[in-house]
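# requesting a structural model of the entry that follows:
(chains A and B)
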Amino acid sequence: MSIDKGAPDSKPRDIHEYLAEFDDIPGTRVYTAARARKGYHINQFAMSLMKAENRARFKADERAYLDEWKISEEAKQALLARDYNTLLDMGGNVYFLSKLFSSDGLPFAEAVSTMTDMTWPEYRQMMLDGGRSPEGNRSIKENLAAAARAQETGKDN
Amino acid sequence: MARITAGVGSSHVPLLGVAVDQGKSNDDYFGPIFAGYEWTRQWEKEQKPDVIILVYNDHASAFDMKIVPTFAIGCGESYKPADEGWGPRQVPDVEGHPDLAWHIAQSLILDEFDMTIINEMDVDHGLTVPLSMMFGQPDAWPAKVIPLAVNVVTYPVPSGNRCWALGEAIKRAVESFPEDLNVQIWGTGGMSHQLQGKRAGLLNREWDNKFLDLLIGETDEARWIPHIEYLRETGSEGIEMVMWLIMRGALGDKTRLLHRHYHIPCSNTAIGHIVLEPVEEETVPA
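Numbers count the residues shown, from 1 in each chain, chains lettered A, B, ... in the order given. Below is the predicted model of the structure:
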């Protein structure tokens, strides 16, 4: 476990350095302030589905309900298509988007599986088998470096 | 004097609440998870805590994006289970302890932790699932609860060190409350899980167990684990484990392990559970 050695006496952290590290994680969108701002109305729309009355209105005419919100056309299309990876890119957060899963009657894990490269039965089986390994999933830079090393080794042989 | 007698760490996966509410906690899938809580249920019956300071995060239930408090303490009389989109859980209302909660809130602010104070809110699975895991299905919860909500969703979330230090300040606050109360502190959430993106489903048994090791004894190494390590090693939602550090910080310099349990998977998540007690240093006579 790495210890943040500078921490006990260090100067205040630099927010730019702190945020830049997040972009190095494969297949992950950390819910930063920038995403929270961008996705504000998507998330507040999703939050509105907590109320039964709103769920009923949304189900009756999804498009009309979405048109009541300050959401871009692209985001409306992603919401109608339940394209969750695109919604994450647009600043959606999974705890808010989960209100849409439950309005659809979709189990949380099944909805999560739609963001991966797997089918729901494949994803469920992966979880039963111990989940996705952190190996090769920690850092984009590390993965690129490992791939480059593998290629070099290939050339030598 | 009030005193913190024990700390409990536990995952708070919503599916565990569903398993309890639908009577599935002994089936093949959930049985091994619940078996690891049996010891704690018996122990809690003997311990009879008066108050539980329950550290958890709200999952877009009481708070939406309008207001995002980093640390918020519930000072209300009682809290209802939240409707999380499929109707509220059929569990008892949660009774607060406003006298102790306000005492802690005031003490923390004087101690330079600028808390948000909540008088009314509903509480979601983050708070009610741990109560079900530890107390089963009683007609009323056997202890008063002080909810302590932490933002672990919108970045930056509080650092591990800040969480640990908040725990230390909570210990001081509890110990300056004149009434004789048996207080426990629970840290909930985690362990490894990622609920979003192509990397969803990440679990890390080895890292989670090292984290559990670091809560035991005298080490305070866990307070210095940076956010990026939780994100890389334990998935984007594994960051919830910083809430366990508030619990650990409130137990003082040294802890003793009473019980430990780990199971993979529950839905998308690794289940971790630990029971610790503070070890007070013997005072050397002058």
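# what secondary structure does residue B:257 sit in?
At residue B:257 the chain is in strand, as set by DSSP: H, G, I helix; E, B strand; the rest coil.
# that one against residue B:214, yeah?
No. The criterion here is Cβ atoms under 8 Å, and residue B:257 misses it with residue B:214 at 11.7 Å. In short, each C-beta sits where N, CA and C put it, glycine included.
# more neighbours: the two, which one.
residue B:214 (18 against 14; other Cβ atoms under 10 Å in any protein chain shown).
# the nearest residue to the more buried one once chain neighbours are set aside - how many residues pack around it?
Nearest non-adjacent residue to residue B:214, counting by Cβ to Cβ, 6 or more residues apart in numbering or on different chains: residue B:222, 4.1 Å away. As a burial measure, residue B:222 scores 24 neighbours (other Cβ under 10 Å).
# ditto for residue B:206
Counted with other Cβ under 10 Å, residue B:206 comes out at 10.
# kindly report the same for residue B:228.
Using other Cβ under 10 Å, residue B:228 has 18 other residues around it.
# could you check the helix or strand of chain A with the lowest mean pLDDT and say which residues are buried?
One helix or strand of chain A scores below all others by mean pLDDT, DSSP states H and E: helix A:140-156, with a mean of 88. When neighbours are counted by 16 or more other Cβ atoms under 10 Å in any protein chain shown, no buried residue of helix A:140-156 is found.
# can that helix be said to contact chain B?
No. Applying Cβ under 8 Å from any Cβ of the partner chain, one finds helix A:140-156 separated from chain B by no less than 9.5 Å.
# what's next to that helix, contact-wise?
A:23-26, A:136 (Cβ atoms under 8 Å, 6 or more residues apart in numbering or on different chains).
# and stretch B:97-107, by the same measure?
Stretch B:97-107 has contacts (Cβ under 8 Å, 6+ apart) with B:2, B:50-51, B:53, B:73-77, B:115, B:117, B:144-146, B:169-170, B:172-174, B:176-177, B:179, B:181, B:183.
# all helices of the chain, in order?
Since you didn't name a chain, this refers to chain A. A:15-20, A:33-38, A:40-48, A:52-60, A:62-66, A:73-81, A:84-89, A:94-103, A:108-113, A:120-128, A:140-156 (DSSP state H).
# I was after chain B.
B:14-21, B:31-47, B:98-110, B:125-135, B:160-175, B:205-214, B:227-234, B:242-249.
# now the angle between helix B:125-135 and the first one, please.
For helix B:14-21 against helix B:125-135, the angle by axes from the mean of the first three to the mean of the last three Cα atoms, to 10 degrees is 50 degrees.
# same question for the longest one.
When the same axes, to 10 degrees is applied, the directions of helix B:31-47 and helix B:125-135 differ by 70 degrees.
# what pLDDT does the spatially closest residue to residue A:30 that is not a sequence neighbour get?
Counting by Cβ to Cβ, 6+ apart, residue A:30 lies nearest to residue A:22, which is 4.1 Å off, once chain neighbours are set aside. You'll see residue A:22 listed with a pLDDT of 96.
# and residue A:22, how close does it get to residue B:231?
Residue A:22 sits 7 Å away from residue B:231, going by Cβ to Cβ, to the nearest Å.
# neighbour-wise, which of the two wins?
Shown here are residue A:22 and residue B:231; by other Cβ under 10 Å, residue B:231 has more neighbours (22 against 19).
# ok, that one - contacts?
The contact partners of residue B:231, taken as Cβ under 8 Å, 6+ apart, are A:22, A:25, A:28, A:30, B:238-239.
# which pLDDT value goes with it?
98.
# was I right to think residue B:41 contacts residue B:136?
Yes. The pair residue B:41 / residue B:136 is scored as a contact, 6.3 Å apart, by Cβ under 8 Å.
# burial count for the residue in chain B that chain A sits nearest to?
Relative to chain A, the nearest point of chain B is residue B:203 (2.9 Å; Cβ to the nearest Cβ). Residues near residue B:203, counting by other Cβ under 10 Å, number 25.
# give me the distance between it and residue A:21.
22 Å.
# ok, now residue B:105?
Applying Cβ to Cβ to residue B:105 and residue A:21 gives a distance of 34 Å.
# quick one: which of those two has more around it?
The residue with more neighbours, out of residue B:105 and residue A:21, is residue B:105; 23 against 15, by other Cβ under 10 Å.
# state the distance from the more buried one to residue B:147.
12 Å.
# what residues are shared contacts of those two?
Both residue B:105 and residue B:147 are contacted by residue B:73, under the criterion Cβ under 8 Å, 6+ apart.
# chain neighbours aside, what residue packs nearest to the residue in chain A that chain B sits nearest to?
Nearest residue of chain A to chain B: residue A:131, at 2.9 Å (Cβ to the nearest Cβ). Counting by Cβ to Cβ, 6+ apart, residue A:131 lies nearest to residue B:203, which is 2.9 Å off, once chain neighbours are set aside.
# beta-bridge partners for the closest residue to residue B:244 other than its chain neighbours, please?
Nearest-residue entry for residue B:244: residue B:187, 3.7 Å, with adjacent residues in sequence omitted and distances by Cβ to Cβ, 6+ apart. Here residue B:187 shows beta-bridge partners residue B:9, residue B:55, assigned using DSSP bridges.
# quick one, which of the contacts of stretch B:97-107 are buried?
Among the contacts of stretch B:97-107, those classed as buried by 16+ other Cβ under 10 Å are B:2, B:50-51, B:53, B:73-76, B:115, B:144-146, B:169-170, B:173-174, B:177, B:181, B:183.
# just the ones of those residues in strands?
Applying DSSP state E to those, the entries found in strands are B:51, B:53, B:73-74, B:144-146, B:183.
# who touches the residue nearest to residue B:244 in this structure?
Counting by Cβ under 8 Å, 6+ apart, residue B:187 has contacts B:7-10, B:55, B:243-248.
# wait, residue B:89 touches residue B:81, no?
Yes. Between residue B:89 and residue B:81 there is a contact at 4.7 Å, judged by Cβ under 8 Å.
# got any residues that touch both of these two?
residue B:128.
# rewinding a little: check contacts around the residue nearest to residue A:30.
A:28, A:30, A:32, B:155, B:228, B:231.
# next: residue B:237.
Residue B:237 neighbours (Cβ under 8 Å, 6+ apart): B:190, B:193-196, B:269.
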